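>>> Have a look at this prediction, sequence included:
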Amino acid sequence: MEELEHHAHDEFEREPVPEKARLGFKSFIGQYAGEHCAGTELMIGPLFVAAGVGAFDVLVGLFVGNLLAVFSWMFLCAPIAVRARLTLYYQLEKICGKRMVVLYNLANGIMFCFLAGSMITVSATAVGVWFNYPMPGLNDVAPNSVGWVLGVLGVGAVISIVAAYGYKTVARFANIAAPWMVLVFLCFGIVGVRQFIDTSGSSLEEMGGLWGLAQEIWKGGDPLPGQAKFTFWHVTFFAWFCNMAMHVGMSDLSVLRYARKSWYGVASASGMYVGHFMAWLCASILYALQLQIDPSNTGVLPGPMAEAACGVAGLICVIVAGWTTANPTIYRAGLAFQAIMPSVSRFKVTLATGAIATVAGMFPAVAMKLLGFVAIYGMILMPMGAIIFVDFWLFDKIGLKKNYAEARGIDFNWVPLVTWIAVCSACSWLALSGRMEIYFVSLPGWFAAAALYIVLSKLTHKKEVHA
């Protein structure tokens, strides 16, 4: 990880990563495990139970969906990353032009702010246990108490200042904390299972063994009020596409450009099966235990759940998990915004970004509807991934100009913009009209973006030939 951090500061923002800066497989195992065992896992796991998911659906759906995510990193993102060895932003600039990339940075920065806001919410639920202020319920949209607002404000201010001042220190701290957090997440699951059996009044044998226990934890049936019903397909597609922006959307070109081999994309499995399988299930168990003890206690509050399972260690884990993931997220959002306003210092931009994320964290709907938000995030950034894929692999073969903006010397290529707006609009219409749920629109959306980009590019290139 130290090697990865060292080279990350060498930038190579506008040139391919040279041979001497390329990294080994272990660097990526640690990076993905640390990034994807995060504060949001404590929100997502319980929401599966709230969505009325069954045991088979959640266990098999998570296994299959995470496998598809790993394949997406391996076969979509990594091969382009190790051949071009460019950041996502420079790759887009070659295709779309500098002015077009500004719009992408704006969308990316806004999405990062909301994601960081949900992580601040997670940490604030742990602080709330100590200060005993009222915390929001499952279906709350706005802040429900002055204490909650002050708690989020305090957590957000600290995280924002640290992100603005000392990202290197936070990155090192996250690398040290990640293995410990993984163990605490595992403890959540083990302790939760033991307490679930103890409070059920039945032995494991009477429940029908481990499978019977799983069916008691993930009962299926109707979701809690205000929540969508989840099936096997919902779980599978959510696990696959919750990081759609990273793999299908190609954001991790910036990370995997350092990999010596494209098969290093398999390292993403460390994050998917430690964070998006084990951690989600363990957090899910804690919420099922909470409902078993008090069915009326439907609040998805990581702090109280973690304290009930592991005491002070659980609370510290919740705070650290939110802290270590919100900091780099705010930092990345700040960089995206700074690219739009290069004359403003990174420090000021990061502070402003943290303020936006903190305000978002005050509204519990951001975290309580995290399943839907993550799906929207992937959908918005997905078309650009399709554009990069088609441009890189197909344009030379079908007689179209690769890296069109660079080849033509222009700073704005209208074709990617029209493709992006058209596909996002169509996907949003399908979801809002009820014709297709938000979790499923991005797969056909990717193919639609690829096809539309090819058609519009052909029309553009034909006009140039005739001119």
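Ah, there it is.
>>> out of everything not next to it in sequence, what's closest to residue 416?
residue 96 (4.6 Å; CB to CB, 6 or more residues apart in numbering). In short, each C-beta sits where N, CA and C put it, glycine included.
>>> Report the contact partners of the one you found.
104, 387, 405, 412-413, 416-417 (CB atoms under 8 Å, 6 or more residues apart in numbering).
>>> which of those residues are buried?
104, 387, 405, 413, 416-417 (16 or more other CB atoms under 10 Å).
>>> So residue 41 is in contact with residue 276, correct?
Yes. Contact criterion CB atoms under 8 Å: residue 41 and residue 276 qualify, at 7.5 Å.
>>> coming back round to it: lowest pLDDT pick from the buried ones among the contacts of residue 96?
Among the buried ones among the contacts of residue 96, residue 104 carries the weakest pLDDT, at 91.
>>> any idea which element it lies in?
Here residue 104 sits within helix 98-131, counting by DSSP states H and E.
>>> and the next element down the chain from that helix?
Taking DSSP H and E, what comes next after helix 98-131 is helix 146-165.
>>> so how many other residues sit close to the closest residue to residue 361 other than its chain neighbours?
Closest residue to residue 361 apart from its sequence neighbours, by CB to CB, 6+ apart: residue 120 at 3.5 Å. Neighbourhood size, residue 120 [other CB atoms under 10 Å]: 34.
>>> circling back: going by distance to residue 59, which of the buried ones among the contacts of residue 96 wins?
Residue 59 lies nearest to residue 387 out of the buried ones among the contacts of residue 96, by CB to CB, at 35.5 Å.
>>> pretty sure that closest one contacts residue 453?
Yes. Using CB under 8 Å, residue 387 makes contact with residue 453 at a distance of 5.1 Å.
>>> what touches both of the two?
Joint contacts of residue 387 and residue 453 (CB under 8 Å, 6+ apart) are 416, 419.
>>> And the helices in the stretch 151-300 of the chain, which stretches?
Ranges of helices in the stretch 151-300 of the chain, per DSSP state H, counting those that start in this stretch, are 167-200, 204-207, 209-217, 232-241, 253-256, 268-273, 280-293.
>>> Looking at the ones you listed, spot the one closest to residue 82.
The nearest among the helices of the stretch 151-300 of the chain, by CB to CB, is helix 253-256 at 6.8 Å.
>>> For that closest one, what does the pLDDT average out to?
pLDDT averaged over helix 253-256 gives 90.
>>> Can you tell me which helices and strands that helix packs against?
helix 25-36, helix 78-84, helix 88-96 (3 or more CB pairs under 8 Å, 6 or more residues apart in numbering; DSSP states H and E).
>>> Indicate which one of those helices is closest to residue 137.
helix 25-36 (27.7 Å).
>>> gap between that closest one and the chain center?
Averaging C-alpha positions (CA atoms, centre = their mean, to the nearest Å) puts helix 25-36 15 Å from its chain's average.
>>> repeat for stretch 190-207
That offset, for stretch 190-207, works out to 33 Å (CA atoms, centre = their mean).
>>> which parts of it are buried?
Judged by neighbour count (16+ other CB under 10 Å), stretch 190-207 contains these buried residues: 191-193, 195-197, 207.
>>> again, but for stretch 13-33
In stretch 13-33, counting by 16+ other CB under 10 Å, buried: 17, 21-23, 27-33.
>>> circling back: ok, so of the contacts of residue 96, who is nearest residue 72?
residue 387 (16.1 Å).
>>> Next up, phi/psi of the closest one, please.
phi -60, psi -40 (degrees, to the nearest 10).
>>> Kindly report the same for residue 16.
The phi and psi values for residue 16, taken as degrees, to the nearest 10, are phi -60, psi 150.
>>> just checking, it touches residue 83?
No. Under the criterion of CB under 8 Å, residue 16 is not in contact with residue 83, lying 9.4 Å apart.
>>> Give me the buried positions along stretch 176-186.
Neighbour count says stretch 176-186 has 177-178, 181-182, 184-185 buried, by 16+ other CB under 10 Å.
>>> count of neighbours near residue 399?
8.
>>> top helix in the protein by residue count?
The longest helix of the chain (DSSP state H) is helix 302-340.
>>> For that helix, name the packing helices and strands.
helix 41-50, helix 98-131, helix 146-165, helix 167-200, helix 280-293, helix 346-362.
>>> Quick check: the nearest residue to residue 165 once chain neighbours are set aside vs residue 43, distance?
The shortest distance from residue 165 to any non-neighbouring residue, by CB to CB, 6+ apart, is to residue 347 (7.5 Å). Residue 347 is 30 Å from residue 43, where distance means CB to CB, to the nearest Å.
>>> and these two? which has more neighbours close in?
residue 43 (27 against 14).
>>> what sits against that one?
118, 121-122, 283, 300, 302, 367-368, 370.
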